[in-house]
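Novice: Dropping a prediction and its sequence here:
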Amino acid sequence: MAARPGAGGRVRFNVGGQAFETTTTTLANAGRDSMLGALLDSSWNAPESPPEAAAAAREYFIDRNPACFAVLLDLLRTGSLHVPPHLPEKLLYREALYYGLLDHVRAARWGAFDGDRLRLASSVPGRAPGDGTAIRAAPDGGCCVAHGGAVHVYNWMLDERRPVSLDHSQVNDVAYLDAATLLIAARERLGKCDGGMAAFSAVSGDLRHRFRVSHGSEPKSFTAGALAFDGHASRIFASCKGRLNEYGVGVWDAATGEQADFFYEPPGVALGDADRLQWLDATGALMVATLFPKTDNCSIGLLDFRGKGVAWSWSDAGTAASLEDKRVLHAIAMDDERSVCVINQYDDLGFLDLRSAAGSGGVRWSSRSKLMNRKATGEESCYPKLATHGGQLFSSMNDSISVFSGPEHVLTSTLRRSYGGAICDFSIGGDRLFALHNEENVFDVWETPPPPII
């Protein structure tokens, strides 16, 4: 390596035998944490050479791929990513990782998430047709797909990593604790004392920690269901079912992995069978939803762990006969935490006011979604799912996902592809939307194009 380039000067590179010349201003765009940006940092370089040697010392030799270097250098100059047709993107990503420029490539590859500007970027075939349980987006743009007793993990380049296998235990839910750690909830097999919840490496698939549940200071085996995470207090939540009616919601410290609390199931509230958990930051409560068809009577509640009580609840038990055919299949608290959105088997959206006393206002249903129902004759259907992101509401309906925007939740976009069957699950994270189809067990990746460079 040569002496540090002077401020505002030119820098020459010999990359794999090909010469390049740029400026220190362009290299500064790489950032201090990158290899190229470090060339400008005095703390990473030896004292400058004498003046007479400086002119001859300004060339850096790097034994890497020159075609990729040309693309990355152009990215630093213009802010735009232009990949020649003959250059494999995976090769470019590998080289970007070497130079510490992966974040720059990702930022140029797709923009900030916007449900109304999403475009289908790629489709990835699955491993077990018809057996997809759930798909979850990773914080860094990767994802994982649960199939029976296995979880297949993909990095943000959609390369499959080593899968996590639970030795025939059924996966009930999966979540990312962070980009490198997966939480997996599994069903306990009769007489096996397995199941429960554990943390695995999202990179290697290795077991990192098994979470324990104790009742009366005695460890117990259990089935873990739905998962949730409180990032501010570093708490993990899981619905739990024990062998001796030890039903409720367990709480663990994410840093130590030790059990911190257990909210036992009160009479008339099915916590252990909960299909969905969601931590509400502003409210400081956990939403617990037990839904059809797991139970005949759907219920949604907010658990207050400080007061050890149910702060708010709603149930369709005793619903008037004219509404008995509307079963809540999924639920999600809206971003403002003022209401809960629900969806029924007819793809109707409904809203529950969290500010009303014990859900006294009931569900305010809207039938607008019937206009978007496109189920083809003979096509297998999946239960609809809901998600929110950036103030927008997303709802899967057969083979498409509808995007609703604004305070009145007006339909503004529809995401649809041509094959794969109905969407059985979808997830948003890392500025991407992942949709898992049931028939071909393929998942789609939707991205927002980057803004134009003016």
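Specialist: That came through fine. Since this is a predicted model, take the numbers as computed values, not measurements.

Novice: where does C68 land on pLDDT?
Specialist: Note on C68: pLDDT of 97.

Novice: gap between it and R109?
Specialist: Distance of C68 to R109, computed by C-beta to C-beta, to the nearest Å: 14 Å. (Each C-beta comes from the backbone N, C-alpha and C, glycine too.)

Novice: what's Q345 in contact with, if anything?
Specialist: By C-beta atoms under 8 Å, 6 or more residues apart in numbering, the residues touching Q345 are F292, K326, R327, L329, Y383.

Novice: cool, S427 as well?
Specialist: S427 touches A134, I135, R136, A137, C143, A387, L433, F434, counting by C-beta under 8 Å, 6+ apart.

Novice: pretty sure the last one contacts A137?
Specialist: Yes - taking C-beta atoms under 8 Å as the contact criterion, F434 and A137 are neighbours in contact, 5.4 Å apart.

Novice: I332: what secondary structure?
Specialist: Following DSSP: H, G, I helix; E, B strand; the rest coil, I332 is assigned to strand.

Novice: For the contacts of S427, please prepare TSV with the additional fields neighbour count and distance to A30.
Specialist: Below are the contacts of S427 laid out as TSV (neighbours: other C-beta atoms under 10 Å; distance: C-beta to C-beta, whole Å):
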residue	neighbour count	distance to A30
A134	20	38
I135	24	34
R136	25	32
A137	21	28
C143	25	28
A387	21	35
L433	26	29
F434	25	30
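
Novice: For the nearest residue to A317 once chain neighbours are set aside, give me its contacts.
Specialist: Once flanking residues are discounted, A317 sits nearest to N297: 4.2 Å by C-beta to C-beta, 6 or more residues apart in numbering. Residues near N297 by C-beta under 8 Å, 6+ apart: S315, D316, A317.

Novice: can you pick the most crowded of these?
Specialist: D316 (22 neighbours; other C-beta atoms under 10 Å).

Novice: From E265, how far off is that one?
Specialist: Distance from D316 to E265, by C-beta to C-beta: 19 Å.

Novice: do S313 as well
Specialist: 13 Å.

Novice: The two - which one has more neighbours?
Specialist: Higher neighbour count among S313 and E265: E265, with 20 against 16, using other C-beta under 10 Å.

Novice: In the chain, which helix is the longest?
Specialist: In the chain, taking DSSP state H as the definition, the longest helix is helix 66-78.

Novice: where exactly do the strands run in the stretch 201-350 of the chain?
Specialist: 207-211, 213-215, 218-220, 222-230, 235-242, 247-253, 259-264, 276-280, 285-290, 299-304, 309-315, 328-333, 339-344, 349-353 (DSSP state E, counting those that start in this stretch).

Novice: Next up, the contacts around the residue most central in space within the chain.
Specialist: With distances taken as C-alpha atoms, centre = their mean, the residue of the chain nearest its centroid is A137 (2.4 Å). The contact partners of A137, by C-beta under 8 Å, 6+ apart, come to C143, Y176, S427, I428, G429, G430, R432, L433, F434.

Novice: Am I right that the second one sits in a helix?
Specialist: This means Y176. No - the assignment for Y176 (three-state DSSP) gives strand, which keeps it out of a helix.

Novice: What pLDDT does the model give the nearest residue to it once chain neighbours are set aside?
Specialist: In this structure, Y176 finds its nearest non-sequential neighbour in A138, 5.1 Å apart by C-beta to C-beta, 6+ apart. For A138, the pLDDT comes out at 96.

Novice: For this structure, just list every one of the helices.
Specialist: For the chain, helices defined by DSSP H occupy the ranges 24-28, 35-38, 51-54, 66-78, 89-99, 102-109.

Novice: weakest of these in terms of mean pLDDT?
Specialist: Confidence, taken as mean pLDDT, is least for helix 51-54 of the helices of the chain (a mean of 48).

Novice: Pull the contacting residues for the closest residue to the residue nearest to the centre of the chain other than its chain neighbours.
Specialist: In this structure, A137 finds its nearest non-sequential neighbour in G429, 3.0 Å apart by C-beta to C-beta, 6+ apart. By C-beta under 8 Å, 6+ apart, the residues touching G429 are R136, A137, A138, P139, G141, C143, Y176.

Novice: May I have the beta-bridge partners of G429?
Specialist: Beta-bridge partners of G429, counted by DSSP bridges, are R432.

Novice: Roughly how far does it sit from H147?
Specialist: Between G429 and H147 the distance is 19 Å, computed by C-beta to C-beta.

Novice: give me the low-pLDDT residue ranges for the stretch 151-300 of the chain?
Specialist: Counting by pLDDT under 70, the stretch 151-300 of the chain has low-confidence residues at 191-192.

Novice: about what we covered before: now the helices of the chain in a markdown table, with mean neighbour count?
Specialist: Output for the helices of the chain, formatted as a markdown table (neighbours: other C-beta atoms under 10 Å):
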| stretch | mean neighbour count |
| --- | --- |
| helix 24-28 | 17 |
| helix 35-38 | 18 |
| helix 51-54 | 11 |
| helix 66-78 | 18 |
| helix 89-99 | 17 |
| helix 102-109 | 18 |
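
Novice: can you put the ones you listed in TSV and add distance to H215?
Specialist: TSV is the format used below for those (distance: least, C-beta to C-beta, whole Å):
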stretch	distance to H215
helix 24-28	59
helix 35-38	53
helix 51-54	73
helix 66-78	56
helix 89-99	47
helix 102-109	45
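
Novice: between these, which gets nearest to W446?
Specialist: In terms of C-beta to C-beta, the element of those nearest to W446 is helix 102-109, at 13.3 Å.

Novice: what's the angle between that closest one and helix 89-99?
Specialist: Using axes from the mean of the first three to the mean of the last three C-alpha atoms, to 10 degrees, the inter-axis angle of helix 102-109 relative to helix 89-99 is 140 degrees.

Novice: from the chain's centre, how far out does helix 102-109 sit?
Specialist: 18 Å (C-alpha atoms, centre = their mean, to the nearest Å).

Novice: From the chain's centroid, how far away is stretch 254-270?
Specialist: For stretch 254-270, the distance to the chain centre is 24 Å (C-alpha atoms, centre = their mean).

Novice: What's the local residue count around the nearest residue to A238 once chain neighbours are set aside?
Specialist: Nearest residue to A238 in three dimensions, chain neighbours excluded: A224, at 4.6 Å (C-beta to C-beta, 6+ apart). A224 has 26 neighbouring residues, counting by other C-beta under 10 Å.

Novice: Report the beta-bridge partner residues of A224.
Specialist: Beta-bridge pairing for A224 (DSSP bridges): C240.
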